[in-house]
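Participant: here's a sequence, model it:
(2 chains)
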Amino acid sequence: MKKVFVSALAIGLFATACKKKEEPTTPEDTTPQNQMPTTYNFSPADYSGQTDRLDMLTELSAEMKKANDGNQVDSTVLLNMFANTNSPFSDANLNASTKQLKNKCYNNVGAKDVAYFEYLLKRQGQISANAGNTWSAGNAGVATSGTKKYFLDEYGAEYTQIVEKGLMGAVFYYQIAETYTRDSKIGNAVDNTTSDPVQGTDMEHHWDEAFGYWGVPTDFSSTNNSGGRFHGKYSTKGDAVGLNTSTKVMNQFIKGRYGISTNDYTMRDEAAVQVRKEYEMILVTTAIHYLNSAKANFADDALRCHALSEAYGFIFSLAYNSDKKISTTDLSTTMGYLETTAGPTSIPDFVSITVADINNAIDLLSSTYELDAVKTSL
Amino acid sequence: MNLIHKTRVSNFKLLNSSLFCLVTLNLLLLSSCKKDKKNDDITKAEFNKSILLENIANNVIIPRYDSLKFIVSNFNQQIQALSQPVSANDLIEAQISFKSAYQTWQLCSSFDFGPAESIALKGSINTYPCDTLVIKSNITSGSYNLGAASNLVAIGFPAVDYLLFHNNVNLLVDYFNDNAIGANRLQYLKDVVANANQQVELVANQWNSSYKTTFLAANGTDVGSSIGLMVNALNMDYEKYIRDGKVGIPLGVRSLGIPIPGKAEAIYSQHSLVLLKTSVTGLQNYINGNGSESGIGFDDYLDHLEAKHGSELLSNKINTQFSSVITKIDALQASIDVEVLNNQSKVQELYDEMQKLVVLLKLDLTSALSILITYQDNDGD
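Facilitator: Prediction:
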């Protein structure tokens, strides 16, 4: 017994020594603030506004999910949650918060905008009058698989997932990709000298806000990837097939913040480009994951429609980055595989979809993002 | 193993209380690891997984797909040759071929990875019960896309089971020769069988060409390795499709113990018992690597690792449990849809034995082989 203890102690020390090794060890760099940290451990740093918005989406999502249990949901409440009006949240801090999802949501041509999400929220309220019915093709209702229940529209679309994953794109990803990693927020014209005791400099704060939208603990990585929310939770899909998605995104966030705090703007600008690029991989790996899941459960209406609703939200989210790797045409083709043309617009249709449609979507995404080698494992 | 780094003095300064906690945790984890490896002193040659893969591909999977392809293709030719007026004899011959094709499929349903997974073969070939309303509506309209998700309940073996079987074969003859709808009905049968044939052919051909190379090359045990794919697919097939689909759901395990005979397999041809037994014995042979001759399988892999269940070799335990399941199947006489009503307790006994096998395959086997079960969606939403 004692023997075991001694050798374990040695290994215990070895493990500690190992951790240390990753840090730069040149003699000049002994003071901690001069080393790039291995976690997003900066001070001062504040992204409570982002945390508020993540919490708001959590409540909005939970409210929509009430339809899964057969209840009609009130679209007024959903719209209030989107805009944070009339104190709709159960968390009083959110009602008191000056933040909201709606005014940070993408609202322009070329991608799903505020009106689209409001339309889904309204329609969820209307059609969930049928939440007491069993779903069938052509009739909104609750589809069941084992213990899982999803409220779907007549085409099998689960608005809860499309709204949740869609707003993760239209608010969180859009703000990261188009606002907080761009010149207007972190360019040289932004103040990086006056340090607020809570938020740091403006430039630091803006970068922290981008990080805050990811929804992960500060020590998140591909080998320590639990505890993430929203896109943070889905960063693990790439990790599971060896793409190290979480670590790659985290490293770029750390690098950018470190660059800003040390006035190394080359480093900052490199990280800004890279963080958008790596973050995009979270969306695409998760989209492929759900397309695979839809295929694996193709005969199960509840699971297929749920997975496709998730996938659809992740796919159209790719649009919210002007540097996106996929072309606008290819993105629209990919979405088209999941849609039908009903009247003047295209809407998701998970009833008449075929396996070939799903495979086409997977193949176009995987070839664009060089994921062919892992596309079946995602 | 010998990468011990020198611990610099400065590191000791960092050993504050939280690090001590970490170290303590390390100690606990590492010392428990050590225990497991105590009798691993004699270094053993690693199990040659390539031999297992070669045997399973050449001796089990490919021969089974080849025979499915052959049988379904013959069945398809037979069906395509039908024309009005259809005779009772035509239908009886088609029924015989159908039964044998459906039975052969049972031997391939555990291979839902690679080419089969890519086209979702299992869903399109054996989603049951079929929806006779959708089938009738397709027949009436004469216009349908058999690949659409909404038509999964109207294609594959279950649809053919419905189209080809009836208590009264003369009535069936009349259906196919009916002036108004007979031609559409016959055409629908032909389209459904052709669709199944085309999909089986696609998968069998891929196994005989490019996919075999891919399969043999992925010889690790990580996510995406062939062993990982096989173990996941066979567990999912056993748990979800064999235990639940063929037995549990008709028995009523998802419906407060109230049997739902209509959810059993092959309710029109009434040969679900044969299909069940074929799938269970097929799975056992697959796990043991046995085809036309016995070969290296998961049993050998487990024995190499000296995997145990209690004091017994896990491979023996698994095979004994398969025998217990088969004994319970043999105790039944009629088809499952009949037995869940007339002999519910015996079907329950079968289900209970089947459940014991889930534990051995999904927990013991996977942990012995260090395979991660990935088919469960842990999203919780």
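Participant: touching, B:Tyr268 and B:Asp161? I think so.
Facilitator: Yes - counting by Cβ atoms under 8 Å, B:Asp161 is a contact partner of B:Tyr268 at 4.7 Å. Every C-beta, even on glycine, is put in place using the N, C-alpha and C of the backbone.
Participant: give me the more crowded residue out of the two.
Facilitator: Neighbour totals were compared for B:Tyr268 and B:Asp161, and B:Asp161 leads with 25 against 19 (other Cβ atoms under 10 Å in any protein chain shown).
Participant: residues contacting the more buried one?
Facilitator: B:98, B:102, B:128, B:130, B:266-269 (Cβ atoms under 8 Å, 6 or more residues apart in numbering or on different chains).
Participant: among these, which ones are in helices?
Facilitator: Among the contacts of B:Asp161, the residues falling in helices (DSSP state H) are B:98, B:102.
Participant: okay, the contacts of B:Asp161 in TSV with pLDDT and distance to chain A next?
Facilitator: As requested, these are arranged in TSV below (pLDDT from 0 to 100; distance: Cβ to the nearest Cβ, whole Å):
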residue	pLDDT	distance to chain A
B:Phe98	98	20
B:Tyr102	98	17
B:Tyr128	96	9
B:Cys130	97	11
B:Ala266	98	16
B:Ile267	97	17
B:Tyr268	97	19
B:Ser269	97	20
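Participant: B:Glu306 - how many residues pack around it?
Facilitator: Neighbour tally, B:Glu306, other Cβ under 10 Å: 12.
Participant: whoops, B:Asp178 was the one
Facilitator: 14.
Participant: over to B:Leu256?
Facilitator: 6.
Participant: backbone dihedrals for A:Glu270, please?
Facilitator: Main-chain torsions, A:Glu270, degrees, to the nearest 10: phi -60, psi -50.
Participant: A:Tyr258 is in contact with that one, correct?
Facilitator: No - A:Glu270 is beyond contact range of A:Tyr258, at 11.4 Å (criterion: Cβ under 8 Å).
Participant: who's more crowded, those two?
Facilitator: A:Tyr258 (19 against 15).
Participant: B:Ser323: neighbour count?
Facilitator: 12.
Participant: can you confirm it is in a strand?
Facilitator: No - applying DSSP: H, G, I helix; E, B strand; the rest coil, one finds B:Ser323 to be helix, outside a strand.
Participant: quick one: it from B:Glu353, how far?
Facilitator: According to Cβ to Cβ, to the nearest Å, B:Ser323 and B:Glu353 sit 10 Å apart.
Participant: number of nearby residues for whatever residue of the stretch 51-200 of chain A ends up closest to chain B?
Facilitator: Going by Cβ to the nearest Cβ, chain B is nearest to A:Ala137 of the stretch 51-200 of chain A, at 4.6 Å. Neighbour count of A:Ala137, defined by other Cβ under 10 Å: 20.
Participant: what does B:Glu312 give?
Facilitator: Residues near B:Glu312, counting by other Cβ under 10 Å: 11.
Participant: does A:Ile347 belong to a helix, a strand or coil?
Facilitator: Here A:Ile347 is strand, with the state taken from three-state DSSP.
Participant: surely the residue of the stretch 51-200 of chain A closest to chain B meets A:Gly156?
Facilitator: Yes - the criterion here is Cβ under 8 Å, and A:Ala137 meets it with A:Gly156 at 7.2 Å.
Participant: now the common contact residues for those two.
Facilitator: Joint contacts of A:Ala137 and A:Gly156 (Cβ under 8 Å, 6+ apart) are A:301, A:351.
Participant: show me the contacts for the residue lying closest to A:Lys324 once chain neighbours are set aside.
Facilitator: If the residues on either side of it in the chain are set aside, A:Lys324 comes closest to A:Leu318, at 5.4 Å by Cβ to Cβ, 6 or more residues apart in numbering or on different chains. Each residue near A:Leu318 by Cβ under 8 Å, 6+ apart is listed here: A:169, A:280, A:283-284, A:287, A:324, A:326, A:331.
Participant: what subset of those is buried?
Facilitator: A:169, A:280, A:283-284, A:287, A:324, A:326, A:331 (16 or more other Cβ atoms under 10 Å in any protein chain shown).
Participant: looking at those, which one is closest to B:Lys328?
Facilitator: B:Lys328 has its nearest neighbour among the buried ones among the contacts of A:Leu318 in A:Ala287, at 44.0 Å by Cβ to Cβ.
Participant: helix or strand for the residue nearest to that closest one when sequence neighbours are not counted, which one?
Facilitator: Distances taken as Cβ to Cβ, 6+ apart place A:Phe314 nearest to A:Ala287, at 3.9 Å, with adjacent residues excluded. In the assignment (DSSP states H and E), A:Phe314 maps to helix A:301-317.
Participant: for the residue of the stretch 151-300 of chain B found nearest chain A, grab phi and psi.
Facilitator: Residue nearest to chain A within the stretch 151-300 of chain B (Cβ to the nearest Cβ): B:Gly224, separated by 3.7 Å. Reported as degrees, to the nearest 10, the phi and psi values for B:Gly224 are phi 100, psi -10.
Participant: give me the neighbour count for it.
Facilitator: 18.
Participant: residue contacts, it?
Facilitator: Taking Cβ under 8 Å, 6+ apart, one finds A:241, A:374, A:376-377, B:218 in contact with B:Gly224.
Participant: from the residues you listed, which is closest to B:Asn76?
Facilitator: Checking the contacts of B:Gly224 one by one against B:Asn76 (Cβ to Cβ), the nearest turns out to be A:Thr376, at 28.5 Å.
Participant: surely the closest one meets B:Glu117?
Facilitator: Yes - counting by Cβ under 8 Å, B:Glu117 is a contact partner of A:Thr376 at 7.2 Å.
Participant: right, and B:Asn235 touches B:Leu363 too?
Facilitator: No - if you go by Cβ under 8 Å, B:Asn235 and B:Leu363 don't touch, sitting 9.9 Å apart.
Participant: just give me the longest helix of chain B.
Facilitator: helix B:182-207.
Participant: that helix near chain A at all?
Facilitator: No - applying Cβ under 8 Å from any Cβ of the partner chain, one finds helix B:182-207 separated from chain A by no less than 9.4 Å.
Participant: tell me what that helix is packed against?
Facilitator: Under the contact definition 3 or more Cβ pairs under 8 Å, 6 or more residues apart in numbering or on different chains; DSSP states H and E, helix B:182-207 sits against helix B:62-80, helix B:115-118, helix B:121-125, helix B:132-141, helix B:156-164, helix B:169-177.
Participant: next, the buried residues of the first one.
Facilitator: Of the residues in helix B:62-80, those with enough neighbours to count as buried (16+ other Cβ under 10 Å) are B:62, B:64-65, B:68-69, B:71-73, B:75-76, B:78-79.
Participant: okay if I get the residues you listed as JSON lines plus distance to B:Leu283?
Facilitator: Shown next, in JSON lines, are the buried residues of helix B:62-80 (distance: Cβ to Cβ, whole Å):
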{"residue": "B:Ile62", "distance to B:Leu283": "17"}
{"residue": "B:Arg64", "distance to B:Leu283": "12"}
{"residue": "B:Tyr65", "distance to B:Leu283": "16"}
{"residue": "B:Leu68", "distance to B:Leu283": "15"}
{"residue": "B:Lys69", "distance to B:Leu283": "20"}
{"residue": "B:Ile71", "distance to B:Leu283": "19"}
{"residue": "B:Val72", "distance to B:Leu283": "20"}
{"residue": "B:Ser73", "distance to B:Leu283": "25"}
{"residue": "B:Phe75", "distance to B:Leu283": "24"}
{"residue": "B:Asn76", "distance to B:Leu283": "26"}
{"residue": "B:Gln78", "distance to B:Leu283": "29"}
{"residue": "B:Ile79", "distance to B:Leu283": "29"}
